[in-house]
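[1] Everything below, folded, please.
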Amino acid sequence: MLIPGPNNELVSQSSYIPSNYSVLSSTSILTSINNQSSSYTLVLDDAGKTITMNSGSNNTLVIPSSASVNFSVGTQIGWIQLGAGQTSFSIVQNELLSRGSASKSTGQYSMGVITKISDTKWLLTGDITS
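    Sure, this is the predicted structure:
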């Protein structure tokens with residue numbers, strides 16, 4: 001694959017990008033799905049997955065404390081509200097950040113991502129409301 005070099009010339013990707021970096025192609029990125037039908041607390045194995053919340057009743061997706069489940073900084077976990085029950089997001093001991101302090105999905109088929117941005121902070125993004 002050829003990419004633009006430092007002087008706008010085309011260079012081989014392998015000659016310009018350090019070996020410890022990877023390049024994503026323009027194809028889709030696939031994640032595993034973890035289907036849940038009621039409130040759920042994340043586990044370490046959920047890193048990089050998408051959690052579907054498929055409940056007719058309101059439910060909660062819980063981010064555990066770093067002391068109990070130590071996700072790496074940079075971990076991303078997708079979420080989708082499949083059912084009619086609104087999904088709330090809560091966090092144990094750490095801090096959950098979002099625009100406007102939103103902490104709930106907006107409705108059925110809403111989706112987004114939670115990202116661990118520091119040892120004690122997660123960022124909630126997507127179709128969210130207060």
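[2] what about the protein, any weak spots by pLDDT?
    1-29 (pLDDT under 70).
[3] try it again with 50
    Residues of the chain meeting the criterion pLDDT under 50: none.
[4] just checking, what's the longest strand in it?
    Using DSSP state E, we find that the single longest strand of the chain is strand 111-118.
[5] Just the buried residues of it, please?
    111, 112, 114, 115, 116 (16 or more other C-beta atoms under 10 Å). All C-beta spots, glycine's among them, are computed from the backbone N, C-alpha and C.
[6] hang on, residue 80 packs against residue 53?
    Yes: using C-beta atoms under 8 Å, residue 80 is in contact with residue 53, at 7.1 Å.
[7] quick revisit: can you put the buried residues of strand 111-118 in JSON lines and add distance to residue 35?
    Below are the buried residues of strand 111-118 laid out as JSON lines (distance: C-beta to C-beta, whole Å):
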{"residue": "111", "distance to residue 35": "14"}
{"residue": "112", "distance to residue 35": "17"}
{"residue": "114", "distance to residue 35": "17"}
{"residue": "115", "distance to residue 35": "21"}
{"residue": "116", "distance to residue 35": "22"}
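[8] and which of these is nearest to residue 126?
    Among the buried residues of strand 111-118, residue 112 lies closest to residue 126 (C-beta to C-beta), at 1.5 Å.
[9] what are the bridge partners for the closest one, then?
    For residue 112, the beta-bridge partners are residue 79, residue 126 (DSSP bridges).
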